[in-house]
Every structure is written in structure tokens, then in C-alpha cells.
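Participant: No letters, just coordinates:
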């Protein structure tokens, strides 16, 4: 009797965790510093971009997705996809309200 | 033709059992299946949390767009030093939690206890700083509702701040409502997490989680990292909306 | 090609000595059970209870609408009647109906597992359901909620003084019940399939419930946070949904319908799963186009997330946005239609018999098709302006939810009743109930299409006298419908003691659940099965029955 397909259990070590910690702290300092620079319309883009990068690092390494099965990656993707659908399709209404009569 | 199968139950449920760890539940076939199932379940729960916070993010995005000036002015009243420190504290706690998972997997009891304790401490530091920030909002009359005062926005003390019109200043209440709702919901998740950490610490002290059954620590780690990720997004959205450029 | 298999001689069937029903005794063994089958039974009793409360409100609504004047109840009371009817029927009956009862019972067995992935969370689900229901009962006994089941703002946040917070809390808690059930199903179907049970050998019932579970897990949390915002807003009054304070009521509606549209697919998909099983069994034929039906279930779930603003066409969304949502609404009808065509093709040249589950399934196919088509009319922007907020909408959703989903639920309960209890229900009585329900349903809801098209608004208890005839027809139909629903309440409990013994496979169906005893053992299988044939393989069943061995001891 065969067991269901299983994924190899990979143990992530302190060195990886330490590097990611460092990266996250540097990115935090960067985003705070960037807030004081006037980049016009790019300010929120940079801020959110850095936040996304930090989130990706946490998900891939602290949460082990880098070493997980495709199903897990798909699951995480599905979650963020649905979140994006909520945001973008709702915003599509608000953004297009003032586009004028048609 | 009789198509009915007549079966009898096993006399002794443990008769003829192969060797398996005590923590393998009977509806699972292997330990690996149990571990992966538990992990999948926790990830699905985190998906629900993404969508839960998602609604708040949507409300925030809309009103930031509609009342940008009020949001800028309100954001500037939040302490950037405290906010950045808190972000660092939470990231550090994510690191200590990840080290806790590593300790459990390498069956290192002392490491596990240290990591869990550090995570609890850092979590409490985060909540402490949050309390200070909430108190500041209270004293500055920025809590939305009856005690809210538009004074700071209509007549700002800092010369670089642009005074807001009274009706726009009223919309600062929307910012603070969302600030308290989002950070409050986040803090609630932190409190629940820290409570669970105390339980895990107690259990680890009495020998749990270093016998190969690391699922609970793994999956709690996922939860803790998720709470960290929520803050990673809350921080720039709430604290970093267009600060005044340094001279 | 269909294989004709004769039904077994039921006189020889015997009840097994040991089953999940008598493996343990006592109230505690039921209230603290981890057995998915017992939890399914707990749910069955609970949701039936709330179905009749919701039905009582419907009865009151129809009584009021017998006359054009608002003469039976006060306007505020009427608001409470349709609100509580909606909330109870949607959240306490339809959403958990098939998944929590039939799904909980049958899915682990269908995949070849001994239980769901998380049995204790399954029990927690039931307790959350009960807790949410208690909050709603409390709100009910203290005067009810009158905002409509849609909690529209700023009415619900600023302008009514009923128990909105308690009601919202009840729905919030019941929502988590739904989330945990869906989570359990997804993990079970992914990870607990027995050896040989590939995705494409799963019964289509599993595919449908899997799709519905995706919606439960991803959609329900948005409802949760929306209700939290409504509760906070009621408590603090900042104006997050109040236009006079700079808020946008449409933000509430976007967030609310982001869940509530997928919710209708949460409600119907498990029912469609039942229909796949029933139509195949009573045509003695494999479901036509298995892959198409499986993928269209998932397609309905995915597309269901993209269409919510069709509930908001007249509310002030931008024209461009309305255009996009209308187009997507047309697209989401396609996978549903694919399923109907596939079921029809399954029937073609099948060996059809007319047992009660099949009668309900036929009812479903006709009524759901009508309801679904009227949904397409409503998705068309021009039509919607005329038809929205009228009785046309009320008829539309009752056709899909009651003519569709409720019939599918009854079909499923009757189909799996022998498996769950070991007894057959009385066939003639149940066929009478099915026909009564069908006739009553059409009499109740078809006039509502007409009266809605003619302009009668929904949620009003006064209407122009020229609509009275149609309303009287509708109320008469509701009486017949009520009788149709009461009959199972009489003969199902009767069957527990006096029904014929069912045996393990009274319908000669394929599927792992029909190869074990009725009622099943607590652990479902003595040994984990190995799946070596495709789904709906009637040749395999005929071959197996020929070589059946009875083992004793």
C-alpha cells in the first residue's frame, strides 16, 4: 500500500535565517529613509515595492515556501491573486467614475 | 444475488499495529502525510487572514485616494521613530520564531525554549510601544469620535505643514479610524499569538516538540510570520505617507 | 452504453451489528464526537430546525401579501420578517446545507479516508454554527433585524435602532463555521485520497464541493471584515459608510457583494455535485463529459469572484465598470450551462428510473435552468434597470436557490439516507412529496416573475391592487410548497424505525460509499481501499456484483 505523494522535508538553517533578517532590517531602514525623499508619484510605489520585497523574503524563507511543493506555492499565489482581484476590480469602479459621460 | 457485504469490527483496535509514533492520528497513514496536511491547513487559514485584512486595505486605499491631504497630515502625526523601531522588533521576532522552528527540528530543547521566550519578549515590546503610541493619540485628541479635535490640522504648529480646510480636517477622523481598526486588528492577532506562545513555551518546557513532532511549532511559526507580513504592509501605508523632506 | 443492474432483493438485507450510530452511546459521545458522520447528523438536525423557522417567516410574508394593503403587520415588522427570512435561509440553511450534512458524511468515504483531515476542527465548525445561530436567535427574540439580509449602509449603520450588531455578530460567527468546513474539505481532497484515487477518478460530488470550498475559504473572510466594519461603525459612527460624513456606501456594497456573490455559488455548487451523482445512478450511465463537468465546477468558482458588481448596477458604480461586470456575468453563465448540457447528455439513452432523488433532480434541471436564464437577463444592463429591486429578482433567486439548491439538497438527503441510516424512506410518500414540492414551487414563484416584470417592487408589503391576483396565486402556491416540505419531516423520522432495511447498495450505485455497509462503521473502512477503476464505472459494478463474496467473522 503506497502512501500519498510526499514532499521532502527540508530544514532551513540559521545562516539563511540570519541573512534574511539582515536584508529585512536594511530594507526597513531604506523604506523609512525613502519616506523623507520627495519622489512625487513614485513615493508610494517605492514604499509598496519595498514592502512587497520584504513580504516575499519572509514567505520564501521564513515560511519555507522556497522549499515547498508546487501545491503550496499555488496556494499562496491563489490567496494573493484573490486579494488583488478584490483591490483592482473595486478600484476600477472608483477610478472610472469621473471619466465623463459616454 | 446478495450484494451486501457483512463486516465485523476489529476486536482490538491496536491489534496488529505496525510501529508508529504516538502522535500519529489514526485517520492518517504516515507521519509525513499528517505533517503536510497540518501545514496545508494552516496555509489555508492564512489565506483567510489575507482576505480578512484585505477588506480593511481596500477601505484604506479608497479614502487615501479621496482625502489625500487629510491622510498626509494624519500620517505625519504618527511617530516615525516608534514605528520603525516596532517594525524592526517584529522582524527580529520573526527571526527568533524561525530559529525556534530550527531548534525544534534539530531537537534542541534549550534553543527552542530560548527562541520561544525571545519571541514572546519581542512581541510584548511591540505591544508596549503600540500602547505608547495609542496613548499619544489619546492625549493629542486624535482618537476619532467625540473627543477628536481638528485643531492640529486646521492650525498646524509645524511651519512646513499645510493647514487643512475644516471639512478636510474632519476626514482625518477616517484615517485614524482605519489606523485604529487596522493596527488594532493586528494587535489582536499579536495578543492571540503571544498567548499561544506561552502555552507552547510551557509545553516545550515539559518536553514537547523535540521528539520529531514539530508540526505545531512549524505551523505557529507560519501564523507568526504572517502577522509580521501584515505589519510590513501596514507600516509604510500608515506611517510613511509623504513625510517632509529632510533639509 | 448503459449497464442494466437489477436492484438487490431487499428482503434479505440486514442491519449491521456495529455502525457509527451504536459504537458509542450517550449525549456526550455525540456532542464531543470527532466522527464526521455524527457531526453531519448534528448539522442535519440543526439546519432542519432553522429551515422551518425561516420558512415560518416566509409564510408570514406570503400571508401579508395576500392583500394589496399593508394590513397584517406594521411596516417595521414586515421589514424584520423578510430580513430574518433572508438571513436564516442564506446563512443558517443554504450555505451549510449540502456541504455540512451530506458533504461531511460522504466526502471522506468517497476519497477513501477514515475521516476528514481535521476532525476536531469539523466539530468546532458545528459549534461555531450553533453559536452564530444563538446570536441570531437572541437578536430575533429581542425584536429582530430590519435592514434586509444585505445590511445595506448607511441604513444599517445609522438609521435603524434594531439589533444589527447582534445579528451581524451571528452571521460573522456562522461565517467561520463555513470557512473551517471549506478548509477541511480542501485539505481532505488534496491529501487524504486513498491509493489509486487520482483527481479524475473522484466522484464529481467531490469536485463540486472542492470548488465551493475554495469560495468559502477565500470569500467568507471579506464578509467577516465587512460586518466588523458595520459593527464598529454602528458603535462609533465615524462615517466610513456614511455620505454625510465623507464615507461611501458603495464601499460597503463592494465588500459585501465580493463575498455574497461567490456565496450563491457556495450554495449551488454542492447541489450540482449531488445532481451529478443522482443523474448518473438513476440513468445507470456514467456522467457525460466528466472532465468538462469537473473543470466547469472550478471555472464557476473562479469566475464567480469576478462578477459581484452586477448586484450594484443601479447603485452608482461607473458605467465603464458596469460594462465590464456585465460582460463577465454573461461569461459566468457558460460553465453552469455546460453542466446542464452534460447532465442532459447523461440522461440520453440511459436506463432511467424515477426514484425520489431522480424526481428532485429532474425538478432541479428544469427550475435551475429557468432561474439561471433569468439571471442572464438581469446581467444585461438595460434589462437590469427595469427589473432590479422588483419581484423579478426575488423570483430569479428563489428559482435558483429553492427550485435549484433546495431540490438538490432534498435529492441528496433522500439519495444518501439509506447510507446514513441503514433504512429506506417510503418511496410512494416521498415521490408524492417531490411532486407536491414541484407544483407548489412553480405556483409560488412563477407569478413573481410576471408581477416583478410588471413593476411590483420587492421588500414592500403594499402594492397596487392590479397585482393582487398574481400575489394570491403565489401565496396559494406557498401553502402547497409548505405541505411538500412538511411531508419529509413526517416520513423520514418514521423511516428510522419502520423503513425497509437498505443494505449497503440499494441503488446499485458506483462510488466507494456504496461498497461499505449501511450505516458505515465509525472508521468507514476496515482496510483502506485501493481505487482501481474510473468513476461511474457500471461495468465494474456489474462484474463485482457477480463475484460478490459475503465474509462473516
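Facilitator: Cool, got the structure. This structure is a prediction, so every number in the text was calculated from the model and none was measured.

Participant: So for stretch C:263-275, what gets flagged as buried?
Facilitator: C:263-275 (16 or more other C-beta atoms under 10 Å in any protein chain shown). For the C-beta atoms, the positions are set from N, CA and C on the backbone; glycine is no exception.

Participant: Buried residues, the lengthiest helix in chain A. List them.
Facilitator: Secondary structure assigned by DSSP state H gives helix A:70-96 as the longest helix of chain A. For helix A:70-96, a neighbour-count test (16+ other C-beta under 10 Å) marks A:72, A:75-76, A:78-79, A:82-83, A:85-86, A:89-94, A:96 as buried.

Participant: Report how many residues lie close to residue C:486.
Facilitator: 13 (other C-beta atoms under 10 Å in any protein chain shown).

Participant: so what's the backbone phi/psi at it?
Facilitator: Residue C:486 has phi and psi values of phi -70, psi -30 when expressed as degrees, to the nearest 10.

Participant: Return the distance of it relative to chain A.
Facilitator: Note on residue C:486: its distance to chain A, by C-beta to the nearest C-beta, to the nearest Å, is 41 Å.

Participant: How about residue B:88?
Facilitator: Residue B:88 is 6 Å from chain A, where distance means C-beta to the nearest C-beta.

Participant: Repeat that for residue C:111.
Facilitator: 11 Å.

Participant: can you tell me which residues contact that residue?
Facilitator: C:188, C:189, C:192, C:193, C:194, C:197, C:202, C:206, C:512 (C-beta atoms under 8 Å, 6 or more residues apart in numbering or on different chains).

Participant: Dump those to JSON lines, plus pLDDT and secondary structure.
Facilitator: What follows is the contacts of residue C:111, written out as JSON lines (pLDDT from 0 to 100; DSSP: H, G, I helix; E, B strand; the rest coil):
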{"residue": "C:188", "pLDDT": "97", "secondary structure": "helix"}
{"residue": "C:189", "pLDDT": "97", "secondary structure": "helix"}
{"residue": "C:192", "pLDDT": "95", "secondary structure": "coil"}
{"residue": "C:193", "pLDDT": "95", "secondary structure": "coil"}
{"residue": "C:194", "pLDDT": "95", "secondary structure": "coil"}
{"residue": "C:197", "pLDDT": "95", "secondary structure": "coil"}
{"residue": "C:202", "pLDDT": "96", "secondary structure": "coil"}
{"residue": "C:206", "pLDDT": "97", "secondary structure": "helix"}
{"residue": "C:512", "pLDDT": "94", "secondary structure": "helix"}
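
Participant: Check those one by one and keep those near chain B.
Facilitator: Near chain B, judged by C-beta under 8 Å from any C-beta of the partner chain, the entries from the contacts of residue C:111 are residue C:192.

Participant: which residues of chain A score low on pLDDT?
Facilitator: A:1-8, A:100-102 (pLDDT under 70).

Participant: That one - how does it break down into domains?
Facilitator: Listed by automatic domain parsing, the domain ranges of chain A are A:12-63, A:69-96.

Participant: wait, which of those is closest to chain C?
Facilitator: Ranking those by proximity to chain C (C-beta to the nearest C-beta) places domain A:69-96 first, at 4.0 Å.

Participant: and the longest helix for chain B?
Facilitator: helix B:31-66.

Participant: That helix: how far from the chain's middle?
Facilitator: 11 Å (C-alpha atoms, centre = their mean, to the nearest Å).

Participant: and if you look at stretch A:46-66?
Facilitator: The answer for stretch A:46-66 is 5 Å, by C-alpha atoms, centre = their mean.

Participant: Assumed residue C:531 was part of a helix.
Facilitator: No - membership of residue C:531 in a helix is not supported by DSSP: H, G, I helix; E, B strand; the rest coil, which gives coil.

Participant: Name the nearest residue to it, ignoring sequence neighbours.
Facilitator: residue C:196 (3.6 Å; C-beta to C-beta, 6 or more residues apart in numbering or on different chains).

Participant: show me what contacts the one you found?
Facilitator: Contacts of residue C:196 (C-beta under 8 Å, 6+ apart): C:530, C:531, C:532.

Participant: Just the local confidence number for the last one, please.
Facilitator: According to the prediction, residue C:532 has pLDDT 91.

Participant: Just list the residues touching it, thanks.
Facilitator: residue C:196.

Participant: quick revisit: need the buried residues of stretch C:263-275 in a markdown table (columns: secondary structure, pLDDT and distance to residue B:152).
Facilitator: As requested, those are exported to a markdown table (DSSP: H, G, I helix; E, B strand; the rest coil; pLDDT from 0 to 100; distance: C-beta to C-beta, whole Å):
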| residue | secondary structure | pLDDT | distance to residue B:152 |
| --- | --- | --- | --- |
| C:263 | helix | 97 | 43 |
| C:264 | helix | 97 | 47 |
| C:265 | helix | 97 | 48 |
| C:266 | helix | 97 | 47 |
| C:267 | helix | 97 | 50 |
| C:268 | helix | 97 | 53 |
| C:269 | helix | 98 | 52 |
| C:270 | helix | 98 | 54 |
| C:271 | helix | 97 | 57 |
| C:272 | helix | 97 | 57 |
| C:273 | helix | 97 | 58 |
| C:274 | helix | 98 | 61 |
| C:275 | helix | 97 | 62 |
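
Participant: Which two of the residues you listed have the greatest separation?
Facilitator: C:263 and C:275 (19.5 Å; C-beta to C-beta).

Participant: so does the helix or strand hosting residue C:303 get close to chain A?
Facilitator: If you go by DSSP states H and E, residue C:303 is part of helix C:290-304. No - figure legend: helix C:290-304 not in contact with chain A (C-beta under 8 Å from any C-beta); closest approach 9.5 Å.

Participant: and after that helix, which helix or strand comes next?
Facilitator: Assigned by DSSP H and E, the successor of helix C:290-304 is helix C:319-347.

Participant: for the contacts of residue C:111, which one is nearest chain A?
Facilitator: Among the contacts of residue C:111, and counting by C-beta to the nearest C-beta, the member closest to chain A is residue C:193, at 6.6 Å.

Participant: which residues sit in contact with the closest one?
Facilitator: By C-beta under 8 Å, 6+ apart, the neighbours of residue C:193 are A:4, C:111, C:112, C:113, C:202.

Participant: switch the cut-off to 6 Å
Facilitator: residue C:111 (C-beta atoms under 6 Å, 6 or more residues apart in numbering or on different chains).

Participant: can you tell me how far it sits from residue C:459?
Facilitator: 46 Å (C-beta to C-beta, to the nearest Å).

Participant: for residue B:179, same thing?
Facilitator: 37 Å.

Participant: ok, these two, which is more surrounded?
Facilitator: residue B:179 (26 against 14).

Participant: element containing the more buried one?
Facilitator: helix B:172-205.

Participant: now the following helix or strand past that helix against helix B:172-205, angle please.
Facilitator: As assigned by DSSP H and E, the chain's next helix or strand after helix B:172-205 is helix B:215-239. Per axes from the mean of the first three to the mean of the last three C-alpha atoms, to 10 degrees, the angle that helix B:215-239 makes with helix B:172-205 is 160 degrees.

Participant: what about helix B:215-239 and chain C, any contact?
Facilitator: No - using C-beta under 6 Å from any C-beta of the partner chain, helix B:215-239 never reaches chain C; the gap is at least 11.8 Å.
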